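>>> Fold the stuff below for me.
(one chain, ligands or ions: 1)
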Amino acid sequence: MNRQFGAFTASELYCPKCKRAQPVREKLLLVLPSGELYEFLCTGCGASLAKRTVSGPATKVAASASPRTGVGRGRLLN
Ligand SMILES: [Zn+2]
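Numbering: from 1, shown residues only. This next block holds a predicted model:
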């Protein structure tokens, strides 16, 4: 189930302003410690039609946000 949701990408959503299904574009809205918040915008009128949070590995964020992780090994460099 999680894998299917993770692969989910909305290509068209119903837009109440355009009153029909419109192609949407995905816009990165926020980068959170727990993941990334994306917003789906109508390509016709620019309205926000949906949001979704991608809770990925976010390795770069995790690496810089939790310095304790690498304490065990890697001290040899000091
Ligand atoms: Zn629209």
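
>>> Can you name the residues bridging to Val31?
Beta bridges link Val31 to Glu36 when assigned by DSSP bridges.

>>> Any figure for the gap between it and the ion?
26 Å (Cβ to the ion, to the nearest Å). Backbone N, C-alpha and C define where each C-beta goes, glycine included.

>>> Please apply the same query to Arg52.
Relative to the ion, Arg52 is positioned 18 Å away (Cβ to the ion).

>>> need the helices for the protein, in chain order.
With helices called from DSSP state H, the chain shows them at 2-7, 59-65.

>>> so Leu49 makes contact with Ser11?
No. Using Cβ atoms under 8 Å, Leu49 makes no contact with Ser11, being 11.8 Å away.

>>> What's the local residue count around Cys18?
Around Cys18 sit 14 other residues, with neighbours defined as other Cβ atoms under 10 Å.

>>> which residues does the nearest residue to it once chain neighbours are set aside contact?
With Cβ to Cβ, 6 or more residues apart in numbering as the measure, Gly44 is the residue that lies nearest to Cys18, at 4.7 Å, once sequence neighbours are left out. Taking Cβ atoms under 8 Å, 6 or more residues apart in numbering as the definition of contact, the neighbours of Gly44 are Cys15, Lys17, Cys18, Gln22, Pro23.
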